[in-house]
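When you get a sec, could you give me coordinates for this:
(one chain, ligands or ions: 1)
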Amino acid sequence: MSRLPEGVLREALIDTSAISANVRHLRQLTASEVIAVVKADGYGHGAVRSARAALDGGQNGTGAWDIDEALALRRAGIDAPILAWLHAPGARFAEAAGRGIELGVSSLDQLQAAAAAASGDRPVGVHLKLETGLGRNGLAPAAYATAFAEAARLERIGRLRVIGIFSHLSNASADDDRAAIGRFTDALALAASHGLAPQLRHIAASHAAIALPQSRFGCVRLGVSIYGLSPFPERTSADLGLRPAMTLRAAVAAVRRVPAGQGVSYGYRHRTAQESTLALVPAGYADGVPRAASGGAAVRIGGEVFPVAGRIAMDQFVVDVGDHPVAVGDEVVLFGDPTLGAPPVEAWADAAGTINYEIVTRIGPRVPRREVNA
Ligand SMILES: *Cc1c(COP(=O)(O)O)cnc(C)c1O
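Sure thing, here's the model as predicted:
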C-alpha cells in the first residue's frame, strides 16, 4: 500500500503524463487542432501544469475563461496562443492584447472595445462568438451581418485580426447539435461573403468532438476529456481511451474500535451493525468532498472498498471498515483511475446527484496538488 508523504492529511495527485496522453489521443481521434481548456484552474488540476502537459501532448492553443486566467497563464510562461472568452464590462482588453491574448468577442460593443485596445500597428486577435442556439452569449443571428461587416472593416484598417469564429453546443441531442452546426455553417458562409477568412472555426467541446464528427471543423475546444474524464454518462474514461489524471487520496487520521449500535457522525445516519472499526478520513465538504454524497459514496483502503458511513462533515468523514486491519496513516483513495483499482470520480458524482466536472473542479484550495508523471 502506498502512503502519503509525512504530515500530509489529503492530497490530489495530478498525473500530467495522463493529460499529455489524453491530448495526443484526442488529436488523433478528432484529426483536429486542440484548444485545451484550462479554465477553473484546469478543472481543479492546476491551470499552468495542465496547459504545459497539454502542450506536451501537441495541443495548439489554450482556452481560458476570462482575462485574469489568461494573463496568469501568460505570466507563468505559457507562450502558446491563449483565448479568453467571457468578459465583464470594462475588462482589461488592452493589457490582454498587449500580452498577445486572443479575445472571444460576443457583441458589437466587445468588437469595438477589442479594436480600441490595439496599440501601434499590432492588430488585436479576436474570435467572433456566435449564438447558434445555446441561449448563452454570442452575437445574435440578427447581428451577424453587421458584425461581420464591421469586423472586416476593422481588419482592413489593421485594428483587428479575426483569427477564429466559434460557437458552443447544447448537447441536448444529436439533432439539436446538428441544427446548431447547420446555423454555424451558414454563418461561416455569410462571414466569408463579407471577406472574413478566419484560420480557425470551432464549435465542439468534448462531447460533440468525440460523438459528432461533423462538429469538428478542424479545431475543437476540449476540457473535461483532456483530464481523462468522460462527458457521457453511459461511457467510461476507459471506453474512450482516456486516463483520469486526478487521484484524490487521504491518510487515515484515527481508528476506533466500537461496539454494535455506535452512532456515526452528525445525525447518526449510520449505526454499526456489530462490533466494528471506524476509520476517520480527513477530507470533507470544505475540501470539495460533497456532503450530498453521504450515504452513497465509497472509498478504497488497501484493496478493499468501503462505503462512507454517516454524514460527510466539513473536514472529515468516517468509514466503517468492520474487522479489516486498518491503521492510522493508511492510504484512503476517494477516486482516481478505475483501471488502477480506484473508485471512479463518477461514483461520487452519482452519489451527489451531479457530474464528474463538478467534483474535480470543486476540489478546494486546502487540498495540495502534487504532480506525478506516471
Ligand atoms: C468549458 C468550455 C469548453 C470545454 O468543455 P468540455 O465539455 O469540458 O470539453 C469548451 N468551450 C467553452 C466555450 C467552454 O465554456
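
all helices for the stretch 101-250 of the chain, in order.
Remark: helices assigned in the stretch 101-250 of the chain by DSSP state H, counting those that start in this stretch are 108-116, 144-156, 174-193, 206-211.

Where does L13 sit, in terms of helix or strand?
strand 10-15 (DSSP states H and E).

For the helix or strand following that strand, which helices and strands make contact with it?
Sequence order places helix 16-30 as the next helix or strand after strand 10-15, per DSSP H and E. Helix 16-30 sits against strand 33-37, helix 47-56, helix 206-211, strand 219-222, with contacts defined as 3 or more C-beta pairs under 8 Å, 6 or more residues apart in numbering; DSSP states H and E. Bear in mind the C-beta positions are built from the backbone N, C-alpha and C, glycine included.

quick one on the thing from earlier: identify the neighbouring strands of the strand holding L13 in the sheet and state each direction.
Counting by DSSP bridges, the strands paired with strand 10-15 are strand 246-251 (antiparallel), strand 369-372 (parallel).

most packed of those?
Highest mean neighbour count of the strands paired with strand 10-15: strand 246-251, a mean of 24 (counted as mean count of other C-beta atoms under 10 Å).

Identify the residues contacting D287.
Each residue near D287 by C-beta atoms under 8 Å, 6 or more residues apart in numbering is listed here: R10, D315, I363, G364, R366, V367.

Looking at these, which one is closest to the ligand?
I363 (15.8 Å; C-beta to the nearest ligand atom).

For the ligand, which of the helices of the stretch 101-250 of the chain is the nearest?
With C-beta to the nearest ligand atom, the closest approach to the ligand among the helices of the stretch 101-250 of the chain belongs to helix 206-211: 3.2 Å.

Tell me if the closest one is near the ligand.
Yes: using C-beta under 6 Å from any ligand atom, we find that helix 206-211 touches the ligand at S206, H207.

what's the answer for stretch 138-149, then?
No: on the criterion C-beta under 6 Å from any ligand atom, stretch 138-149 is out of touch with the ligand, staying 9.5 Å away.

Now find how far off-centre that stretch is within its chain.
Remark: stretch 138-149 is offset 29 Å from the chain centroid, using C-alpha atoms, centre = their mean, to the nearest Å.

Mind listing what's buried along that stretch?
Across stretch 138-149, burial judged by 16 or more other C-beta atoms under 10 Å covers G138, L139, A143, Y144, A147, F148.

pLDDT score assigned to the residue in the stretch 201-350 of the chain positioned nearest to the ligand?
Proximity of the stretch 201-350 of the chain to the ligand (C-beta to the nearest ligand atom) peaks at G223, 2.4 Å away. Turning to G223, the model gives it a pLDDT of 98.

Just give me the neighbour total for it.
By other C-beta atoms under 10 Å, 22 other residues sit near G223.

wait, isn't it in contact with V37?
Yes: G223 is in contact with V37 according to C-beta atoms under 8 Å; the separation is 3.6 Å.

which residues does the one residue sitting closest to the centre of the chain contact?
Closest to where the C-alpha atoms of the chain average out (C-alpha atoms, centre = their mean) is Y43, at 3.4 Å. By C-beta under 8 Å, 6+ apart, the contact list for Y43 reads V37, S50, G223, V224, Y227, Y357, V360, T361.

For the residues you listed, work out which two are farthest apart.
S50 and Y357 (14.2 Å; C-beta to C-beta).

Give me every residue in the stretch 51-200 of the chain lying close to the ligand.
The interface of the stretch 51-200 of the chain toward the ligand, taken as C-beta under 6 Å from any ligand atom, is made up of W85, H168.

Can you name the residues that contact the residue of the stretch 51-200 of the chain found nearest the ligand?
Nearest residue of the stretch 51-200 of the chain to the ligand: H168, at 4.5 Å (C-beta to the nearest ligand atom). If a contact means C-beta under 8 Å, 6+ apart, then H168 has K129, T132, L134, R136, G138, I203, A205 as its contacts.

Quick check: phi and psi on it?
For H168, the backbone dihedrals (degrees, to the nearest 10) come out as phi -140, psi 140.

And it, how close does it get to R159?
Per C-beta to C-beta, to the nearest Å, H168 is found 26 Å from R159.

so where's this protein shaky on pLDDT?
1 (pLDDT under 70).

Excluding chain neighbours, what is closest to the residue in it sticking out farthest from the centre?
Relative to the C-alpha centroid of the chain, counting by C-alpha atoms, centre = their mean, P259 is the outermost residue, at 43.7 Å. Spatial nearest neighbour of P259, chain neighbours left out: E275 (5.4 Å); criterion: C-beta to C-beta, 6 or more residues apart in numbering.
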